[in-house]
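Student: starting from these lines, generate the structure:
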Amino acid sequence: MVDMTNKITVLLVDDHSLVRRGFRRMLEDEPDLDVVGEAGDGEEAIKLARDLRPQVVVMDCALPKINGLDATRQILADLPETAVLMLSMHSENTWVRQAIDAGARGYILKNAVNLELGPAVRRVAGGETMFDPQVEPPSALKGERNSGLTPRELEVLQMIVDGKSNKEIAAVLDLSANTVAVHRANIMNALGIHKTAELVVYAIRSGLVNVP
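Tutor: Sure, this is the predicted structure:
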């Protein structure tokens, strides 16, 4: 039985009212999700997010006034605990990379035949990342360069994905924080990645780490 007092609150953002209606219906079929508001453009999304403080914002990429990427940045600047799930028509790497850079925790395609919005919302609300299987990792991240990571670097990478700081990793592995920082830099250089968020997504998608 679902505890109705602990529903996941969701703000829906899309400039097409019919699309919003469809998404609302999908989400309202889930007993543990609660759509607390809807916005039709980026400006309204930022205002409603501040007023309603939802746990998850389902954000369309292409919006009038302020686009979904910029709206995501502004919302997360005010509400860093909020999870943004980006909805897009675009599967190209550049869009995915921009969404990750903006702070989105997930990226799914609006036109996916088997769009599972409810489970995606649950996953990002629970702190996981959620990327559509049809979305390619950015091209710079492809290839077998992961085989160049040492066992120690893979160990450090696992802890980075688990959300541990350099100091926490150092304590677990009995290393200095500086040594961990060097490992982190080496991992990023080896994989051609320069942001922790991208590193986490790539490590999970490439099967380099265990995800509980």
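Student: centroid residue for this structure?
Tutor: For the chain, the residue nearest the mean C-alpha position is residue 105 (1.1 Å; C-alpha atoms, centre = their mean).
Student: these two touch, right, that residue and residue 83?
Tutor: Yes. With contacts defined as C-beta atoms under 8 Å, residue 105 counts as touching residue 83 at a distance of 4.5 Å. No exception for glycine: its C-beta is placed from N, CA and C like everyone else's.
Student: how about the helix ranked longest in the chain, which residues are buried there?
Tutor: As far as residue count goes, and with DSSP state H defining each element, the longest helix of the chain is helix 177-191. Burial within helix 177-191, assessed by neighbour count using 16 or more other C-beta atoms under 10 Å, is assigned to 179-181, 183-184, 186-188, 190-191.
Student: picking that back up, can you pull the contacts of the residue nearest to the centre of the chain?
Tutor: With contacts taken as C-beta atoms under 8 Å, 6 or more residues apart in numbering, residue 105 has the following neighbours: 83-85, 124, 128-130.
Student: do residue 164 as well
Tutor: By C-beta under 8 Å, 6+ apart, the residues touching residue 164 are residue 172.
Student: so what's the backbone phi/psi at it?
Tutor: phi -80, psi 150 (degrees, to the nearest 10).
Student: residues near residue 209, how many?
Tutor: The number of residues packed near residue 209 is 17, by other C-beta atoms under 10 Å.
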